[in-house]
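*Asks:* pasting the sequence and the predicted model now:
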Amino acid sequence: MAKHNQTGLAGEEVAAQYLTAKGYTVLARNFRYQRAEVDLISQLDNLLVFIEVKTRSSLKHGYPEEFVSRRKIELFQLAAEEYISRINWQHDIRFDIVAITVNQGAYTCHHIEDAFH
C-alpha cells in the first residue's frame, strides 16, 4: 500500500476515535455509492453526520480541508443521499470535515462542523 494511502487510513482511524470520544457513534466507514464515497458516517443523538476526513503529513501545500474540491462535495452529497434513502433517515443531517495533520507521529484533529451544504 502506498504511503499516502496508509496516511489516509490512519487519519480515518484517528478521526473515528476522536468522534467517538466526543460522543458520536460511528455507523459506517468508507460508504460507497457509484463513484462516490463518504469516509465516516456517524450519529449524535438525532443528528446524522457525514464526514470527509482529510489527512496531511505536511502543511507545505495547504491545510487538509482546502483539498475538498467542489466535485468531491457533489459526489459526497450523492453518497449521503443514497445512505439516507437506504436507512429511511427522518431527522437532521450535517456535513463535516475532520482535517488531520501529522507531525512526528502526533495527530492533530480540526473538526469543521457544517462544512458545506
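*Replies:* Cool, got the structure.

*Asks:* scan the protein for its longest strand.
*Replies:* strand 92-103 (DSSP state E).

*Asks:* buried residues in that one?
*Replies:* Residues of strand 92-103 classed as buried: R94, F95, D96, I97, V98, A99, I100, T101, V102 (neighbour count, 16 or more other Cβ atoms under 10 Å). For every residue, glycine as well, the C-beta is placed using N, CA and C.

*Asks:* cool, stretch 105-112 as well?
*Replies:* So stretch 105-112, judged by 16+ other Cβ under 10 Å, has buried residues Y107, C109, I112.

*Asks:* mind listing what the second one touches?
*Replies:* Counting by Cβ atoms under 8 Å, 6 or more residues apart in numbering, C109 makes contact with V14, A15, Y18, V98, A99, I100.

*Asks:* and of those residues, the nearest to Y24?
*Replies:* The closest of these to Y24 turns out to be Y18 (Cβ to Cβ; 8.8 Å).

*Asks:* next up, the contacts around the closest residue to H110 other than its chain neighbours.
*Replies:* In space, and not counting its chain neighbours, H110 is closest to A99: 4.4 Å by Cβ to Cβ, 6 or more residues apart in numbering. Counting by Cβ under 8 Å, 6+ apart, A99 touches K54, T55, R56, Y63, P64, E65, C109, H110, H111, I112.

*Asks:* equivalent analysis for A15, please.
*Replies:* D39, L40, I51, V53, V98, I100, C109.

*Asks:* now do 6 Å
*Replies:* A15 sits next to V53, V98 when contact means Cβ atoms under 6 Å, 6 or more residues apart in numbering.

*Asks:* okay, it: pLDDT?
*Replies:* Model confidence at A15, expressed as pLDDT, equals 95.

*Asks:* also H4?
*Replies:* 55.

*Asks:* find the nearest non-adjacent residue to the spatially most central residue of the chain, please.
*Replies:* Nearest to the mean C-alpha position of the chain, counting by Cα atoms, centre = their mean, stands E52 at 2.4 Å. Nearest residue to E52 in three dimensions, chain neighbours excluded: I97, at 5.0 Å (Cβ to Cβ, 6+ apart).
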